[in-house]
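Undergrad: Sharing a sequence plus its predicted fold:
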Amino acid sequence: MNLTLHQRYMTAVVALVLFLVVHFLGPVLTPFVVSMVLAYLGDPLADWLESKGLSRTLSVVCVFLLIFGVIITALLVVIPTLAHQVKTVIHLLPVWEAWIETNVLPYIQKYIEIDASLFDFGEISKRLAGQWQKAGGLLASFGISVSRSSIALIGFVANLFLIPVVTFYLLRDWDKMVGNLKMMLPRNVEPVAVALVNECDEVLGAFLKGQLMVMLALGVIYSLGLTMIGLQFAILIGMLAGLASIIPYMGFVLGFAAAIVVAFFQFDGYMGMSLVVVVFMVGQALEGWVLTPLLVGDKIGLHPVAVIFALMAGGQLFGFVGMLIALPMAAIIMVLLRHLHRNYKASDLYHAGAAEEKD
């Protein structure tokens, strides 16, 4: 990409302005960034429905209802169940502490000098229970909070209602906006820029449109499977395994370990733990043979290390908004690095040493 001096200055200025806007207006940008992510995920489906003969508006309405139907269902069904299971875990911590002190700790201390306070779940459970009571007490003191922080409450509610509104309009005009941005590119930059954007979309799409859907599917599969065998905290463990699978095999390891521990305490004998093994083996088989080939395909997504670093760096720099834009930025940086690598391999700087050796 051969940029003129003025274009390089302009690119630097635009990048600086964007950085400052995200840094200083992060809380304001949150609903818009969330809406952009939802619109990006929903646009391919809207385009597909449009190609089948539906109008753009009707296609967007169908996708909009699907997206927010899933979100509302999760809020009304999954979250209360998760909250109940978290509360149960907090109450069971002292029981697990007593069992570890009686059966595990003496055996470990025979071979290793270890401080028994490391296994003090009682203090942890007290703190968690205290935080849980505070969280439950928020509704009781809601009227007082409204009178003292009405502006913050109004802002939160406004942001909450902004997300579906902005998402709808972004979905409806997504293709137009992309076309307008393309037309604004300098003519000498447009071919390379469009190629890089398409490559970014492929990388990011392989992750967001593929890996995130795999995560959701795995969370549902593990939750249903563990529920069918009667395991306590099935939904909590299943969703934990699904979320953690953003890093390959991490979800399987964490979910399997947690499920085995719960099955050990809950069931007599080894049948319960055997059923847990079956559930996770089925989940891994479905992920490897069905979900990943179908939803991700052979596209190259983001490396797990890049995902971890991007999320941590984005959260550190820009908070919640930074975590939302971290993965798109990681995809862009990854593609730009590939582009620089290709240019370097084709440059005289790379081939100069070989030419000197031949001489």
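TA: Done, it's in.

Undergrad: Distance from the chain centre to the longest helix along the chain, please.
TA: If you go by DSSP state H, the chain has its longest helix at helix 304-345. Helix 304-345 has its C-alpha centroid displaced from the chain centroid by 14 Å (C-alpha atoms, centre = their mean, to the nearest Å).

Undergrad: Check which helices and strands it sits against.
TA: For helix 304-345, the elements it packs on are helix 5-24, helix 26-51, helix 190-205, judged by 3 or more C-beta pairs under 8 Å, 6 or more residues apart in numbering; DSSP states H and E. All C-beta atoms are positioned from the backbone trio N, CA, C, and that covers glycine.

Undergrad: Please tell me the pLDDT value assigned to the residue lying closest to V37 once chain neighbours are set aside.
TA: Using C-beta to C-beta, 6 or more residues apart in numbering and skipping the chain neighbours, the partner closest in space to V37 is L324 (6.3 Å). pLDDT, L324: 73.

Undergrad: Contact partners for L324?
TA: Under the criterion of C-beta atoms under 8 Å, 6 or more residues apart in numbering, the neighbours of L324 are 30, 33-34, 37, 314.

Undergrad: Make sure L45 is actually in contact with V60.
TA: No. The pair formed by L45 and V60 falls short of the contact definition of C-beta atoms under 8 Å, at 9.8 Å.

Undergrad: And those two? Which one has more around it.
TA: V60 (26 against 17; other C-beta atoms under 10 Å).

Undergrad: Taking helix 190-205 as reference, get the angle to the longest helix of the chain.
TA: Per axes from the mean of the first three to the mean of the last three C-alpha atoms, to 10 degrees, the angle that helix 304-345 makes with helix 190-205 is 160 degrees.

Undergrad: tell me the angle helix 304-345 makes with helix 5-24.
TA: For helix 304-345 against helix 5-24, the angle by the same axes, to 10 degrees is 170 degrees.

Undergrad: In contact with the residue nearest to F309 when sequence neighbours are not counted, which residues are there?
TA: In space, and not counting its chain neighbours, F309 is closest to A330: 7.8 Å by C-beta to C-beta, 6+ apart. By C-beta under 8 Å, 6+ apart, the contact set of A330 is 302, 306-307, 309-310.

Undergrad: returning to that earlier point: for the residue nearest to V37, give its distance to M36.
TA: 9 Å (C-beta to C-beta, to the nearest Å).

Undergrad: now G251
TA: Look at G251 and M36: by C-beta to C-beta, they are 26 Å apart.

Undergrad: Which of these two has more residues huddled nearby?
TA: G251 (27 against 18).

Undergrad: Just give the closest residue to the more buried one, not the sequence neighbours.
TA: Nearest to G251 is S245, by C-beta to C-beta, 6+ apart, at 2.9 Å.

Undergrad: Please name the residues that touch that neighbour.
TA: 214-215, 218, 251-252, 287.

Undergrad: For it, grab phi and psi.
TA: Note on S245: its backbone torsions stand at phi -70, psi 0 [degrees, to the nearest 10].

Undergrad: what do you get for the one 4 residues further on?
TA: Its backbone dihedrals place Y249 at phi 70, psi -10, with angles given as degrees, to the nearest 10.

Undergrad: quick one: it from G255, how far?
TA: When C-beta to C-beta is the yardstick, Y249 and G255 sit 11 Å from each other.

Undergrad: And these two? Which one has more around it.
TA: Shown here are Y249 and G255; by other C-beta under 10 Å, G255 has more neighbours (28 against 12).

Undergrad: Can you name the helix or strand that the more buried one falls in?
TA: helix 250-266 (DSSP states H and E).

Undergrad: how far does that helix sit from the chain's center?
TA: Centroid displacement of helix 250-266 relative to its chain, using C-alpha atoms, centre = their mean, is 22 Å.

Undergrad: between the helix or strand that that helix is followed by and helix 250-266, how big is the angle?
TA: Using DSSP H and E, the helix or strand that directly follows helix 250-266 along the chain is helix 271-286. Counting by the same axes, to 10 degrees, helix 271-286 lies at 170 degrees to helix 250-266.
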